[in-house]
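Undergrad: Structural data only, the sequence is not supplied:
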Ligand code: NDP
């Protein structure tokens, strides 16, 4: 087993981010999650952080580093939002807000994390994208663009920092069992599932398992990759 690492998960207070954070805790790592309120879910340590603000990201990292007593070694940039709408009716604000949170937010966190990782000559960066980033989605021009942008971000980081022991990868989940998908009408769920070769939605812990692998010693030579966790939904994209 490798030594415990200092892991920061943005948006780790609920949903997929929470499953990822819990999984790292179970693996014996030191974990801090960010939430906008700074409130911590049971058994986890949280710091307040809004990824749309450079100052807030900096403050969250500084606080996390104090808690860890050292730099962030694994960054999971998971915080994300949707503001879906058909193209012709999508406002500039709805486009910009989603890019600012999902793409620029990840950039702000990666930039802040890179300082400590470069100094330590090692680190793991994992960006949570979506099958929609490569597959596209009607009504999701803003979201898909933001999630596709994460691929260019990870690959540029890989080219820039790959020689310093830092890996940067993208995880692209498909449909995940969340409150949102549970609330879909049964017929809609059936239609979606029919398009997924695995025939079901994923559990959040199935995403967490892949994130954990990318952060592990075994994945030292995996970088600049896009790993789908989508039951085959987006294959070929
Ligand atoms: P949730 O809506 O359950 O949680 C979103 C998280 O992001 C929350 O912790 C939220 O924090 C945080 N967040 C949102 N905006 C900001 C911000 N400006 N600054 C800091 N944190 C913020 O999302 P999911 O768990 O469903 O999704 C997590 C990630 O996985 C997202 O990036 C999403 O795009 C991606 N994904 C989700 C899929 C799904 O089926 N659910 C499928 C594919 C990808 P707060 O509590 O403060 O609001």
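TA: Looks like it arrived, so ask away. Treat the numbers as computed from the prediction; the structure is a model and nothing was measured.

Undergrad: in stretch 55-71, what's buried?
TA: By neighbour count on 16 or more other CB atoms under 10 Å, the buried set for stretch 55-71 is 56-57, 60-61, 63-65, 67-68, 71. All C-beta spots, glycine's among them, are computed from the backbone N, C-alpha and C.

Undergrad: Of those residues, which belong to helices?
TA: 56-57, 60-61, 63-65, 67-68 (DSSP state H).

Undergrad: ok, which residues in the protein are in contact with the ligand?
TA: Contact residues (CB under 6 Å from any ligand atom) of the chain with the ligand: 10-11, 13-17, 34-37, 49-52, 78-81, 101, 105, 128, 130, 173, 175-176, 178, 180-181.

Undergrad: Can you tell me which of those end up in helices?
TA: Using DSSP H, those in helices are 15-17, 105, 180-181.

Undergrad: Tell me which of those residues has the lowest pLDDT.
TA: When those are compared by pLDDT, residue 180 scores lowest at 77.

Undergrad: about what we covered before: now, the residues of the chain next to the ligand that are in strands?
TA: Counting by DSSP state E, the residues of the chain next to the ligand place 10, 34-35, 128, 173 in strands.

Undergrad: Mind naming the longest helix for the protein?
TA: The chain, longest helix under DSSP H: helix 141-161.

Undergrad: List the buried residues of it.
TA: For helix 141-161, by 16+ other CB under 10 Å, it's 141-151, 153-155, 157-158, 161.

Undergrad: that older thread, mind giving me TSV with the buried residues of stretch 55-71 and columns for pLDDT?
TA: Shown next, in TSV, are the buried residues of stretch 55-71 (pLDDT from 0 to 100):
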residue	pLDDT
56	98
57	98
60	98
61	98
63	98
64	98
65	98
67	98
68	98
71	98
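
Undergrad: between the residues you listed, which is nearest the ligand?
TA: residue 56 (7.7 Å; CB to the nearest ligand atom).
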